[in-house]
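Chemist: need a 3D model of the sequence below.
(one chain, ligands or ions: 1)
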Amino acid sequence: MADSNINHATSLEYWNSVAPDVNGMLGGFPQISRIDLRGSSSFLAKIRRLVPAIPSTGALPLGVDCGAGIGRVTEGFLSNVCEVVDVVEPVENFARVVREGPLKKAGKVGDVFVVGLESWVPGKEYDLVWNQWCLGHLTDAQLVAYLVRCREALSEGGVIVIKENMSTASDGQDVYDEVDSSVTRTDDKFRMLFKEAGLNLIKSEEQAGFPPSLKLFPVRFYALRPAT
Ligand SMILES: C[S@@+](CC[C@H](N)C(=O)[O-])C[C@H]1O[C@@H](n2cnc3c(N)ncnc32)[C@H](O)[C@@H]1O
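Modeler: Residues are numbered from 1 along each chain as shown. As a prediction, this is how the structure comes out:
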């Protein structure tokens, strides 16, 4: 199994060697950030119309940006739709950018937890748990256990959103990347793990608009709520 190769020390070593800027967060494609953030905003708007328990307008009280890096998503999107955003990020170099940034001073960023998601235990109720381009660092078993903890930490109308690259391997399997010690999962694998975690997939769609010339992986959104 691809995920049996995951080594957290190797991942952290890799991320510690990466510049704490948007270029570093996006693997040398900073130009996709705007399209990415716009796509996220429009996906969340659709979710808010779908889930009657979430007020369809106004800021959500508390969000959390998981595997946040320097807080690119918090700055460009989550802080516009949440009153306060907590941040979880294991690399101190990246967490420091958030902790010392203007959004923290303005009170838009709440707690900054410097820890890997495999070890993070949410201690609050969240209205939105945003996971983007980081879940490949968790093994399948860690991901399921983490999603169970997130499910239990959701507020009444709370939603978990996952936005990740999709494996395009011709054998239909997850692919291990030894550069940052992560896996790129298939859509089928994600859906199987969501079920195991007791989550209901309420909407999924592909991010549109990335320039084809960049030959990026397809990127997919998933919105999840506790299964009833
Ligand atoms: C590709 S960057 C994405 C950052 C941010 N989500 C964004 O979209 O701009 C991947 C992030 O995952 C973080 N990461 C690595 N291992 C992790 C782990 N075990 N748990 C949570 N995040 C991790 C890295 O430090 C890095 O900040």
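
Chemist: C-alpha only now, for contacts and for neighbours.
Modeler: Fine.

Chemist: all strands of the chain, in order?
Modeler: 60-66, 82-88, 109-113, 126-132, 154-165, 175-177, 182-184, 199-206, 219-226 (DSSP state E).

Chemist: let's have these in TSV, adding mean pLDDT and mean neighbour count.
Modeler: Shown next, in TSV, are these (pLDDT from 0 to 100; neighbours: other CA atoms under 10 Å):
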stretch	mean pLDDT	mean neighbour count
strand 60-66	98	24
strand 82-88	98	23
strand 109-113	98	20
strand 126-132	98	23
strand 154-165	97	21
strand 175-177	98	18
strand 182-184	98	25
strand 199-206	98	16
strand 219-226	98	21
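
Chemist: in a markdown table: these, plus distance to Trp15.
Modeler: As requested, the strands of the chain are exported to a markdown table (distance: least, CA to CA, whole Å):
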| stretch | distance to Trp15 |
| --- | --- |
| strand 60-66 | 15 |
| strand 82-88 | 15 |
| strand 109-113 | 17 |
| strand 126-132 | 15 |
| strand 154-165 | 17 |
| strand 175-177 | 14 |
| strand 182-184 | 12 |
| strand 199-206 | 26 |
| strand 219-226 | 21 |
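
Chemist: mind checking which of the ones you listed is nearest Leu193?
Modeler: strand 199-206 (8.8 Å; CA to CA).

Chemist: other SSEs contacting that closest one?
Modeler: helix 187-196, strand 219-226 (3 or more CA pairs under 8 Å, 6 or more residues apart in numbering; DSSP states H and E).

Chemist: what about 10 Å?
Modeler: helix 33-50, helix 140-152, strand 154-165, helix 187-196, strand 219-226 (3 or more CA pairs under 10 Å, 6 or more residues apart in numbering; DSSP states H and E).

Chemist: could you name the helices and strands sitting against the third one?
Modeler: Contacts of strand 154-165 with other secondary structure elements, assessed using 3+ CA pairs under 10 Å, 6+ apart, are made with helix 33-50, strand 60-66, strand 126-132, helix 140-152, strand 182-184, helix 187-196, strand 199-206, strand 219-226.

Chemist: near the ligand at all, that strand?
Modeler: No. Judged by CA under 6 Å from any ligand atom, strand 154-165 stays clear of the ligand, getting no closer than 8.7 Å.

Chemist: so what strands line up beside that strand?
Modeler: Paired with strand 154-165 in the same sheet, following DSSP bridges, are strand 126-132 (parallel), strand 219-226 (antiparallel).

Chemist: contact residues of this structure facing the ligand?
Modeler: Those residues of the chain that sit near the ligand, judged by CA under 6 Å from any ligand atom, are 11, 15, 25-26, 67-69, 72-73, 89-91, 116-118, 132-134, 137-138.

Chemist: repeat that with 8 Å
Modeler: When proximity is defined by CA under 8 Å from any ligand atom, the chain lies next to the ligand at 8, 11-12, 15-16, 22, 24-27, 65-73, 88-91, 94, 115-118, 131-135, 137-138.

Chemist: by neighbour count, sort out the buried ones in those.
Modeler: When those are checked for burial by 16 or more other CA atoms under 10 Å, the buried set is 8, 11-12, 15, 22, 24-25, 65-73, 88-91, 94, 115-118, 131-135, 137-138.

Chemist: buried residues, stretch 1-19. List them.
Modeler: Neighbour-count burial for stretch 1-19 flags 2-3, 6-8, 11-12, 15 (criterion: 16+ other CA under 10 Å).
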